[in-house]
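Peer 1: Structure of the sequence below:
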Amino acid sequence: MDIKEIKRLRELTGVGMTDAKKALTESKGDFDAALAAMRKKGLTKAEKSAEREARAGVIGSYVHDNRIGVLVEVNCETDFVARNELFTTLVKDLSMHIAASAPEFVNADLIPEKEKQRVQKEFSERAKSENKPADVITKIVQGQVAKYFAEKTLLEQPFIKNPDQTVGDYVKEYIAKLGENIVVRRFERMALGEVS
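Peer 2: Below is the predicted model of the structure:
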């Protein structure tokens, strides 16, 4: 077994050397299978960490071409992690993602009920005008509403550096690597000439 593969697996997932070696052994040397298994383990650890309170952290910023500016507050549990290079990288990546993808909400829980109802009504009326059966309309509208808000919700958007994963999954990877709960608390995005 190659020590470089073990180290690489450890760096990508945040697990210990022993766990990385065990995963590679169990996958018979298949790096991708070991990575998938470790990510599942890491995400499980991340979900347990999510229950702990996160009040330390940083406010990161990013300005793109003097035309788009972003401020984002990302919290963790300790100042030690807040000053860690990995955490800083995460905050920078989130800032760049927000600049590029222009989400409106951090997560689905922060979408106002009035906005949810407005969008649902709009999609329902459109589906009814197409003379679809009532039971089909409900399913169509649920799918359309979910997709509509997934595009506007930061943690549900495909991550710009890796569209195969959501921003939420990207944050969970860092929770696993750093061993602390990490919360994207809020953000503000400004684009030159845009009026809100």
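Peer 1: what sits against the residue nearest to Asn84 when sequence neighbours are not counted?
Peer 2: Leaving aside its sequence neighbours, Asn84 sits nearest to Leu178 (CB to CB, 6 or more residues apart in numbering; 6.6 Å). To be clear about C-beta, it is placed using only N, CA and C from the backbone, and glycine gets the same treatment. Shown in contact with Leu178 (CB atoms under 8 Å, 6 or more residues apart in numbering): 14, 76, 81, 84, 86-87.
Peer 1: Just the buried residues from those residues, in PyMOL please.
Peer 2: To isolate in PyMOL the members of those that are buried, counting by 16 or more other CB atoms under 10 Å, one can use:
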select buried, resi 14+76+81+84+87
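Peer 1: so of the contacts of Leu178, which ones are in strands?
Peer 2: Cys76 (DSSP state E).
Peer 1: May I see the contacts of Leu178 organised as CSV, with pLDDT and distance to Tyr170 added?
Peer 2: Listed next are these as CSV, based on pLDDT from 0 to 100; distance: CB to CB, whole Å:
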residue, pLDDT, distance to Tyr170
Gly14, 65, 13
Cys76, 93, 15
Val81, 93, 16
Asn84, 93, 16
Leu86, 94, 12
Phe87, 96, 13
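Peer 1: what's the most distant pair in the contacts of Leu178?
Peer 2: Pairwise distances across the contacts of Leu178 (CB to CB) peak at 14.0 Å, for the pair Gly14 and Cys76.
Peer 1: any weak-confidence spans in the protein?
Peer 2: Judged by pLDDT under 70, the chain has its weakly predicted residues at 1, 11-16, 39-52, 196.
Peer 1: hey, where'd the helices end up in it?
Peer 2: 3-13, 17-26, 31-49, 79-82, 85-101, 113-129, 134-152, 167-178 (DSSP state H).
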